[in-house]
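K.L.:
Pasting the sequence and the predicted coordinates here, then a few questions.
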Amino acid sequence: MALEIARSQTARTSAALFARICLSAVYLYSAVGKLLDPPGGLAEVTGLGLPAPRLFLVLTILVQLGAGWMVLLGFWTRLAAFLLLGFTIIATALAHNPTGLIGTEFQHQLTTSLEHLAIVGGFILIIADGAGPASIDGWIARRANRRTMRCTLQL
């Protein structure tokens, strides 16, 4: 029984870490691409028809880099997952809306939208379950628990 629990806990820890790596990779890669090719990033944002495309490009890079690193490292993970969830929903609605399209373009945009929906599902799981033990949040929680236990023992 104890071995099954240990395996289960190890599997959950590994799964949470691997999920955070997978989810954050998309946003970190995208942000770095925009940083390395500012004209390309600006063209992408301009193509969405947003006002002040330079401002939205900077905000996009900040959200993708900041929240991407936070999810990867497991630091304020629920907040970062919530930010990227909202970002993904908005970006999907703006850039991958299949409404009014036909044929292969409709299929392409619908597929991309559904892929983004899967990413949103991953963020919902992180918001519900947290980052897991292999994270900065997990380390902070373990430290707080040790301090609480020491204070309780001293009483």
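P.N.:
Perfect, I can see it now.

K.L.:
all contacts plus neighbour counts: C-alpha atoms, from now on.
P.N.:
Will do.

K.L.:
does Phe82 really touch Leu125, like I thought?
P.N.:
No: applying Cα atoms under 8 Å, one finds Phe82 not in contact with Leu125, separated by 10.6 Å.

K.L.:
Which positions within the one helix or strand Leu28 maps to qualify as buried?
P.N.:
Counting by DSSP states H and E, the element that carries Leu28 is helix 2-36. Within helix 2-36, the residues scored as buried using 16 or more other Cα atoms under 10 Å are 13, 16-17, 19-21, 23-25, 27-28, 30-31, 34.

K.L.:
Taking helix 2-36 as reference, get the angle to the helix or strand just after it.
P.N.:
Using DSSP H and E, the helix or strand that directly follows helix 2-36 along the chain is helix 38-46. Interaxial angle of helix 38-46 relative to helix 2-36 (axes from the mean of the first three to the mean of the last three Cα atoms, to 10 degrees): 100 degrees.

K.L.:
hmm, who's touching helix 38-46?
P.N.:
Here helix 38-46 makes contact (Cα atoms under 8 Å, 6 or more residues apart in numbering) with 33-35, 53-54, 56-57.

K.L.:
any idea which helix or strand comes after it?
P.N.:
helix 53-73.

K.L.:
List the contacts of that next one.
P.N.:
17, 20-21, 23-25, 27-28, 30-32, 34-35, 41-42, 45-46, 50, 76-77, 80-81, 83-84, 131, 135-136.

K.L.:
What are the buried residues along the helix or strand following it?
P.N.:
Sequence-wise, the next helix or strand downstream of helix 53-73 (DSSP H and E) is helix 77-95. Buried residues in helix 77-95, counted by 16+ other Cα under 10 Å: 77-85, 87-88, 91-92, 95.

K.L.:
Okay, now the unreliable bits of the protein?
P.N.:
The chain contains residues with pLDDT under 70 at 1-7, 147-155.

K.L.:
Next, count neighbours for Ala131.
P.N.:
Close neighbours of Ala131, defined as other Cα atoms under 10 Å, add up to 27.

K.L.:
you'd agree it is up against Ala81?
P.N.:
No: assessed by Cα under 8 Å, Ala131 is found out of contact with Ala81, at 9.7 Å.

K.L.:
May I have stretch 96-113 as PDB, with CA atoms only?
P.N.:
Extracted in PDB, the C-alpha atoms of stretch 96-113 (Å, rounded to 0.1, in the frame of the first residue of the first chain):
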ATOM      1  CA  HIS A  96      -8.500  31.900 -35.200                       C
ATOM      2  CA  ASN A  97     -12.300  32.600 -35.400                       C
ATOM      3  CA  PRO A  98     -13.600  30.200 -38.100                       C
ATOM      4  CA  THR A  99     -16.900  32.100 -38.500                       C
ATOM      5  CA  GLY A 100     -17.600  33.000 -42.100                       C
ATOM      6  CA  LEU A 101     -14.800  30.900 -43.500                       C
ATOM      7  CA  ILE A 102     -15.200  27.900 -45.800                       C
ATOM      8  CA  GLY A 103     -13.300  24.900 -47.000                       C
ATOM      9  CA  THR A 104      -9.700  24.300 -45.900                       C
ATOM     10  CA  GLU A 105      -9.400  27.700 -44.200                       C
ATOM     11  CA  PHE A 106     -12.400  27.000 -42.100                       C
ATOM     12  CA  GLN A 107     -11.000  23.500 -41.100                       C
ATOM     13  CA  HIS A 108      -7.600  25.000 -40.300                       C
ATOM     14  CA  GLN A 109      -9.000  27.800 -38.100                       C
ATOM     15  CA  LEU A 110     -11.400  25.400 -36.400                       C
ATOM     16  CA  THR A 111      -8.600  22.900 -35.700                       C
ATOM     17  CA  THR A 112      -6.400  25.700 -34.300                       C
ATOM     18  CA  SER A 113      -9.300  26.900 -32.100                       C
END
